[in-house]
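Student: Provided below for reference: sequence and predicted model.
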Amino acid sequence: MTSSTFDHRIVLITGAGSGIGRAMAIAFAKAGARVVACDIDPAGAERTAADIGEAAVAVAADISDEASVAAMTETAIGAYGRIDVLCNNAGIMDTMALPADITVQQWERVLRVNLTGTFLVTHAVLPHMLRQGGGAIVNTASEAGIRGGAAGAAYTASKHGVVGLTKSVAWAYAKDGIRCNAILPGPTLTGIVESAASFDPVGSARLAPVIALGERLAQPEQMADAALFLASDAASFVNGAIVPVDGGWSAA
């Protein structure tokens, strides 16, 4: 992407305080966008915005809370007047617990953030995209969104849900000039991978031969590059695509 690919476009990114979201925020800004960097961690959002400079504003938001999402969206609209690109990136990992072992509380928390949170932000932003005549949405799903052995039960179910939501939004709003696609990161060097020591020992032992954590890790910037393409005019006829960004893992 060139430094002017996203000139005059406003990009809202959740989970922008670290990892893939931070890489997305920096990459979009380098491509000319104005960025709304959102994160549940105010300090993380502020750091990202500060590193970008005047082309970014920071917003603290909990995507699992409808009122927080509404406030985040209104802050973005108040700052820039529109939202051209939405990157639903924020999410949490489960503990790799198997279906018989995960607690109901863990299940509900992961689904609330990863799936309901993605829906809540999309639901809040869509009316603005409809009024302005179009937009692009890029969801961060996961390799766990297309297979059963890449994560624990809750995370796997939540990311399968994100894949389904992506396709539903793409189909429903294609005639309105709104595209919705998803990237499926494979193992990526983020805080989630670095916290692998906290995974459930039984579940992670059973899943480890499949996920092969540590054998081949991507950089967050490689995920950001894929998101930029999907949000750009170069992908103007790409809609409803579920794109593995996994170094070939899904081809096995």
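Tutor: All right, it came through fine.
Student: what ranges do the helices span in the stretch 51-200 of the chain?
Tutor: Using DSSP state H, counting those that start in this stretch, the helices assigned to the stretch 51-200 of the chain run over residues 66-80, 104-111, 117-132, 153-173, 191-194.
Student: what comes up buried for the longest one?
Tutor: By neighbour count, and taking 16 or more other C-beta atoms under 10 Å as the criterion, the buried residues in helix 153-173 are 153-163, 165-167, 169-170, 173. In this view, the C-beta of every residue, glycine as well, is placed from N, C-alpha and C.
Student: Equivalent analysis for the third one, please.
Tutor: Within helix 117-132, the residues scored as buried using 16+ other C-beta under 10 Å are G117, T118, F119, L120, V121, T122, A124, V125, L126, H128, M129.
Student: Just name whatever secondary elements it is in contact with.
Tutor: For helix 117-132, the packing partners by 3 or more C-beta pairs under 8 Å, 6 or more residues apart in numbering; DSSP states H and E come out as strand 10-14, helix 66-80, strand 85-88, strand 135-140, helix 153-173, strand 178-185.
Student: Closest one to G15 out of the buried residues of helix 117-132, please.
Tutor: Nearest to G15, judged by C-beta to C-beta, of the buried residues of helix 117-132 is G117 at 9.6 Å.
Student: who touches G21 in this structure?
Tutor: Counting by C-beta atoms under 8 Å, 6 or more residues apart in numbering, G21 touches I13, T14, G15, A37, D39, T48, C87, N89, A90, T140.
Student: To V245, which of the helices of the stretch 51-200 of the chain lies closest?
Tutor: Of all the helices of the stretch 51-200 of the chain, helix 153-173 sits nearest to V245, with 13.5 Å by C-beta to C-beta.
Student: The closest one packs against which elements?
Tutor: The contact analysis (3+ C-beta pairs under 8 Å, 6+ apart) places helix 153-173 against helix 104-111, helix 117-132, strand 135-140, strand 178-185, strand 242-245.
Student: at 6 Å instead, please
Tutor: Packing partners of helix 153-173 (3 or more C-beta pairs under 6 Å, 6 or more residues apart in numbering; DSSP states H and E): helix 104-111, strand 178-185.
Student: for those, which one sits closest to A33?
Tutor: Among those, strand 178-185 comes nearest to A33, with 16.3 Å by C-beta to C-beta.
Student: before we move on, back to that, quick one: which of the contacts of G21 has the most company?
Tutor: Within the contacts of G21, neighbour counts (other C-beta atoms under 10 Å) peak at I13, which reaches 35 neighbours.
Student: got a list of what the residue nearest the centre of the chain touches?
Tutor: Central residue of the chain (C-alpha atoms, centre = their mean): N89, 1.7 Å from the mean position. Counting by C-beta atoms under 6 Å, 6 or more residues apart in numbering, N89 touches I13, T14, G15, I20, G21, T140.
Student: Need the max-distance pair from the residues you listed.
Tutor: Taking C-beta to C-beta, the two most distant members of the contacts of N89 are T14 and I20; they sit 10.7 Å apart.
Student: Now stretch 55-73: buried residues?
Tutor: Within stretch 55-73, the residues that count as buried by 16+ other C-beta under 10 Å are 56-65, 68-69, 71-73.
Student: you'd agree A182 is up against I242?
Tutor: Yes: contact criterion C-beta atoms under 6 Å: A182 and I242 qualify, at 5.2 Å.
Student: These two - which one has more neighbours?
Tutor: Neighbours were counted for A182 and for I242 using other C-beta under 10 Å; A182 has more, 29 against 19.
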